[in-house]
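Enquirer: okay, sequence plus prediction incoming.
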Amino acid sequence: MTDGPVEEPPVPPGVDPEVPSPARLYDYYLGGRINYRADREAAERIRTGLPEISDMAWANRGFHQRAAKWLAETRGITQFIDIGSGLPTQGNTHEAVGAVTPLARVVYVDNDPMVRAYAGELLTGRLTTFVFGDLRQPDAVLGDRLLRSLIDFTEPVGLLMTAVMHFVADDADPWGLVSRYVAALPSGSYLALSHVTADNVPPQAVRTGLAEYAKATENIHLRPRAEVARFFAGLDLVPPWPGETPRLVFMGEWGADDPETADSDGSHWGYAGVARVP
């Protein structure tokens, strides 16, 4: 949550500042300033029932960063597709993997016009690019000229889909969509995915969050563990930390130096996993 007067950002084409968007809400949860009054007011209404909302966002962000770095550092992945990348924030994908592999190539994909307007902050020359596309159109995304200019599909790819598939309704077959992206990847590629859940969390907080996102540009769909696990069907889950069995865990736990300490209330709002493409 920010303090003091907030300067409203310019309104890019295609953006309605009166309707909250997931990307701007997430930016606000993380303490960013690329958001409008409608986003902040909706976020604060969510916070009344879900005081750990910022912890939840940071738990997911930490998973994203750790998973990307792990893929670069321990699996030698040098090219990444970040689906639903969101607004620029701390520790973007190219920063997380660039510390390990300076020549890593990253393609950011998002369908929010606000993200497109600020995508320049994500681009660092020829090694990063932004694709304005909807993940529900995998053929268009995967066939995009800019994406194809950086990603070599004969070599392993790190596919990052963190905190995005819960914005896809069941009738759009989110599991089928993920499988279509995975099918385009060669053996030795990896999927890193996180997803919010209502398992074992306060029902009133769930109702508050659902009500607010129902008024945003994208609705949110909280799914139980079994339905999140379906995204990894046919893939080989990796252990979330050394010595553990391969499985889904809460977002804050995956790859944490101390999983017990990282197991916060906010972390319990989402499952996370990383899996290898056979």
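Expert: Yep, it's here. What you see is a predicted model; the values in this text were computed from it and never measured. Numbers count the residues shown, from 1 in each chain.
Enquirer: immediately after the least confident helix or strand in the chain by mean pLDDT, which helix or strand?
Expert: When the helices and strands of the chain are scored by mean pLDDT, DSSP states H and E, helix 259-262 comes last with a mean of 83. Heading C-terminal from helix 259-262, the first helix or strand you meet, by DSSP states H and E, is strand 270-276.
Enquirer: in that next one, what's buried?
Expert: Neighbour counts over strand 270-276 (16 or more other CB atoms under 10 Å) mark 270, 271, 272, 273, 274, 275, 276 as buried. Bear in mind the C-beta positions are built from the backbone N, C-alpha and C, glycine included.
Enquirer: which of the residues you listed sits closest to residue 217?
Expert: For the buried residues of strand 270-276, the minimum distance to residue 217 (CB to CB) is 20.4 Å, reached by residue 270.
Enquirer: for the closest one, list each beta-bridge partner.
Expert: Judged by DSSP bridges, the bridge partners of residue 270 are residue 196.
Enquirer: can you name the residues that contact it?
Expert: Shown in contact with residue 270 (CB atoms under 8 Å, 6 or more residues apart in numbering): 56, 59, 60, 163, 194, 195, 196, 197, 250, 251.
Enquirer: go with 6 Å
Expert: Residue 270 is in contact with 60, 194, 196, 251, counting by CB atoms under 6 Å, 6 or more residues apart in numbering.
Enquirer: shouldn't the last one be in contact with residue 59?
Expert: Yes - with contact defined as CB atoms under 6 Å, residue 251 and residue 59 form a contacting pair (4.3 Å).
Enquirer: for residue 170, see how far away residue 44 is.
Expert: To residue 170, residue 44 is 29 Å away according to CB to CB, to the nearest Å.
Enquirer: do a quick rundown of the strands in this structure.
Expert: Using DSSP state E, the strands of the chain run over 79-83, 105-110, 128-132, 158-162, 190-196, 236-237, 249-250, 270-276.
Enquirer: and those strands: which comes nearest residue 226?
Expert: Once the strands of the chain are compared by CB to CB, strand 270-276 is nearest, at 10.2 Å.
Enquirer: return the closest one as PDB; C-alpha atoms alone will do.
Expert: Extracted C-alpha coordinates of strand 270-276, given in PDB (Å, rounded to 0.1, in the frame of the first residue of the first chain):
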ATOM      1  CA  GLY A 270      -1.700 -20.300  -4.300                       C
ATOM      2  CA  TYR A 271      -0.100 -23.500  -5.400                       C
ATOM      3  CA  ALA A 272       3.100 -23.600  -7.400                       C
ATOM      4  CA  GLY A 273       5.100 -26.100  -9.300                       C
ATOM      5  CA  VAL A 274       7.800 -26.600 -11.900                       C
ATOM      6  CA  ALA A 275       7.800 -29.500 -14.300                       C
ATOM      7  CA  ARG A 276      10.000 -30.900 -17.100                       C
END
